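J.: Need the 3D shape of this:
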Amino acid sequence: MGAVTESGGTRRPAACRILRVTGPLVEVEYTRGTAMYDLVSIGPAGLPGEVVAISGGVVTVQAYEYTGGLAPGQTATPRGRPLSVRLGPELLGGIFDGLLRPLSGAGDWLVPGIRTATVEAHSWTFAPSVAQGEEVCEGQALGEIRDAGPVKVKVLVPPGCGGVVERISDAGGLTGDAVAAVVGGTEVTVGTRWPVRRPRPVRERVDSHEALNTGQRVVDLLFPVVRGSTVAVPGGFGTGKTMLLQQIAKWCDADVIVYVGCGERGNEMADVITELAELRDPRTGGRLADRTVTIANTSNMPMMAREASVYTGVTVAEYFRDMGLDVVVIADSTSRWAEALREFASRTGELPAEEGYPAGLASAIAAFYERAAAVTTLGGDRGSVTVIGAVSPPGGDLTEPVTAHTERFVRCLWTLDRDLAYARHYPAVSWSGSFSRDVPVLAAGHRAGGDSGWERRRERVGAVLAEADRLADLVDLIGIAALPARERIGVLAGRLVREGVLQQSALSEQDAYCGPEKTAALADAVLAVAERCRALVDCGVPAASVEEIDFGPLVRAREDTGPHDAEQVVASRDAMLARLGEVRS
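T.: Numbers count the residues shown, from 1 in each chain. The predicted model follows:
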């Protein structure tokens with residue numbers, strides 16, 4: 001992407017004195033030209049902060065680092081621009097903190113203060129795609145970085161810029177700050193900066209009809225999501241949120257993954273980074289980490305940097321989206337982000353709302369998820385940002401404010417069930433407590449693509465699960481033997497769907513990922529076997545005789561066959577139907 005101003009024009013407010021330090025809040029003197037959300041360098045170390053209030057000649061700044069050692073009388077310098085991050089080809093495969101400062105090679109701790117990424121020394125191979133004298137518009141590609149990894153990183157005309165290409169660099173090596181072209185008098189560099197709280201502009205938002213395939217059957221079959229949509233994953237401690245999000249990061253068919261570890265434990269973040277580095281990318285054969293951007297703002301890092309990290313992550317995603325790519329942002333978890341908002345609000349004396357959260361919590365959540373979209377970029381390409389956010393309600397209370405507000409603004413909800421998790425059923429996505437508002441759109445897309453049975457298959461699986469759940473209480477009360485024969489088969493069908501289709505092993509090479517064709521084959525196989533069992537009891541075969549049949553080969557088909565091996569699943573189904581054909585009343 002090309003260079004764009006960091007916003008704020010040429011404002012250069014003068015340095016001022018620190019008046020008071022209260023934790024991450026620092027009060028400084030007002031100096032002419034200072035504006036809300038300006039970046040401020042605080043103290044001798046230049047700690048980064050952001051203006052959050054201006055009142056009565058006093059400017060309140062939230063610091064993004066530990067403020068120990070700061071004292072009244074020291075100097076603070078407003079930078080005259082919003083909090084911005086550097087965007088460039090060096091992001092792919094990198095590990096960064098909440099302000100997008102590189103963690104790789106940083107040692108045990110980041111050096112306090114504004115720390116600039118050392119990208120100038122790295123030379124990127126630039127291949128121009130336009131010639132001098134051509135007319136170009138904003139968002140149009142000027143060239144491509146050839147050695148940034150498996151993703152084609154483009155150098156684009158900045159937003160608000162366009163005109164004649166006055167100069168274009170020849171093919172060859174360029175450093176991160178080198179000028180790749182001059183367009184209409186504006187220098188366009190390989191890297192750029194962009195304010196994290198400002199969405200990057202697009203030509204238009206468009207309706208998407210294409211599913212994001214996650215490789216997780218319970219999601220792709222029952223609660224699918226379209227590219228550019230939004231998902232919340234609420235669940236209590238130990239229900240498998242991080243594991244599910246890691247699997248989606250590994251296996252979904254997005255071009256770029258932005259993984260934001262927002263306030264989570266450092267050991268979990270370390271496991272994610274290690275696994276991504278070791279995992280083979282099924283699309284390219286290389287490392288999956290090479291098309292992943294990891295933002296690690298763990299629980300032992302500064303609290304207010306956690307608040308900024310989710311905006312940093314979605315800004316990175318929009319940068320790659322503008323190149324015509326499909327990007328997935330995984331935020332784990334938005335509850336820790338909301339807790340940072342609550343702590344900050346309490347320090348500023350803001351009137352608390354429900355459970356101490358600020359009154360603007362719902363607006364903040366909505367604004368974050370609103371940045372997900374399928375779009376036509378300024379350059380005319382199609383791209384998308386899909387946002388998947390984990391929610392960690394205290395005590396598993398799904399009625400608490402963060403979960404309740406998030407549910408209002410997302411298109412899909414994948415609720416994790418504690419009972420399923422404790423029963424070792426992975427993924428522990430509750431089929432009764434989850435939903436997908438994208439189903440009608442995807443059903444129309446499947447019909448247009450010739451798969452008219454997709455919607456019917458999903459409805460039948462849902463009906464089997466609902467019937468089994470309805471009967472579960474009766475079984476607990478009176479026992480399975482007291483139920484009528486068809487209802488006993490309903491319980492059996494529910495078990496086969498759960499164990500043979502929805503359950504999935506993240507540790508199995510065969511079952512960690514499941515292609516859409518195998519998912520459909522497994523669902524059809526279980527439904528066909530369940531229907532044959534009902535036919536048998538309707539013909540007088542005792543339900544107990546059907547229940548005694550070994551359904552193991554059908555249930556094990558998910559692990560005994562390859563990720564895309566639908567034919568072998570069909571063979572297992574036919575073998576089971578043949579076995580049922582031998583049963584006599």
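J.: where in this structure is pLDDT low?
T.: Residues of the chain that meet the criterion pLDDT under 70 lie in 1-11, 104-121, 585.
J.: care to break it down by domain?
T.: The chain breaks down into these domains under automatic domain parsing: 16-81, 120-190, 204-437, 454-581.
J.: most neighbours per residue, which of those?
T.: domain 204-437 (a mean of 21; mean count of other C-beta atoms under 10 Å). For glycine as for every other residue, the C-beta is placed from the backbone atoms N, C-alpha and C.
J.: returning to what we had before: JSON lines please, covering the domains of the chain and showing distance to residue 445.
T.: Formatted as JSON lines, the domains of the chain follow (distance: least, C-beta to C-beta, whole Å):
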{"stretch": "domain 16-81", "distance to residue 445": "40"}
{"stretch": "domain 120-190", "distance to residue 445": "26"}
{"stretch": "domain 204-437", "distance to residue 445": "4"}
{"stretch": "domain 454-581", "distance to residue 445": "9"}
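J.: For residue 98, which of those is the nearest?
T.: Proximity to residue 98, assessed across these by C-beta to C-beta, is greatest for domain 204-437 (3.4 Å).
J.: Could you give the separation of that closest one from the chain centroid?
T.: Computed by C-alpha atoms, centre = their mean, to the nearest Å, the chain-centroid distance of domain 204-437 equals 4 Å.
J.: go on, stretch 502-519?
T.: So, by C-alpha atoms, centre = their mean, the centroid of stretch 502-519 is 20 Å from its chain's centroid.
J.: got the contact list for the helix ranked longest in the chain?
T.: Scanning the chain for the longest helix, with DSSP state H as the assignment, gives helix 454-478. Helix 454-478 has contacts (C-beta atoms under 8 Å, 6 or more residues apart in numbering) with 221-222, 431-432, 439, 442-443, 446-447, 483, 487, 490-491, 493-495, 497-498, 501, 520, 523-524, 527, 530.
J.: any idea which helix or strand comes after it?
T.: helix 485-497 (DSSP states H and E).
J.: Give the other helices and strands that that next one contacts.
T.: helix 454-478, helix 516-538, helix 543-547 (3 or more C-beta pairs under 8 Å, 6 or more residues apart in numbering; DSSP states H and E).
J.: follow-up on the earlier one: can you give me the angle the longest helix of the chain makes with helix 485-497?
T.: 120 degrees (axes from the mean of the first three to the mean of the last three C-alpha atoms, to 10 degrees).
J.: give the contact list for the residue nearest the centre of the chain.
T.: Nearest to the geometric centre of the chain sits residue 330, at 2.1 Å (C-alpha atoms, centre = their mean). Residue 330 makes contact with 245, 248-249, 257-260, 388-390, according to C-beta under 8 Å, 6+ apart.
J.: at 10 Å instead, please
T.: Taking C-beta atoms under 10 Å, 6 or more residues apart in numbering as the criterion, residue 330 is in contact with 231, 233, 242, 244-246, 248-249, 252, 254, 257-262, 272, 292, 313, 386-390.
J.: Provide the backbone phi and psi angles at it.
T.: phi -110, psi 110 (degrees, to the nearest 10).
J.: likewise residue 389?
T.: Per degrees, to the nearest 10, the backbone of residue 389 is at phi -120, psi 130.
J.: For it, name its beta-bridge partners.
T.: residue 232, residue 331 (DSSP bridges).
J.: ok now do it, which residues does it touch?
T.: By C-beta under 10 Å, 6+ apart, the neighbours of residue 389 are 230-234, 245, 260, 262, 310, 329-335, 337, 365, 368-369, 372, 402, 406, 410.
J.: Which of the domains of the chain sits closest to residue 198?
T.: Minimum separation from residue 198 across these (C-beta to C-beta) falls at domain 204-437, 8.2 Å.
J.: where along the stretch 51-200 of the chain do the strands fall?
T.: 58-63, 75-82, 84-87, 95-96, 123-128, 135-136, 141-145, 153-156, 163-168, 172-175, 179-183, 186-189, 192-195 (DSSP state E, counting those that start in this stretch).
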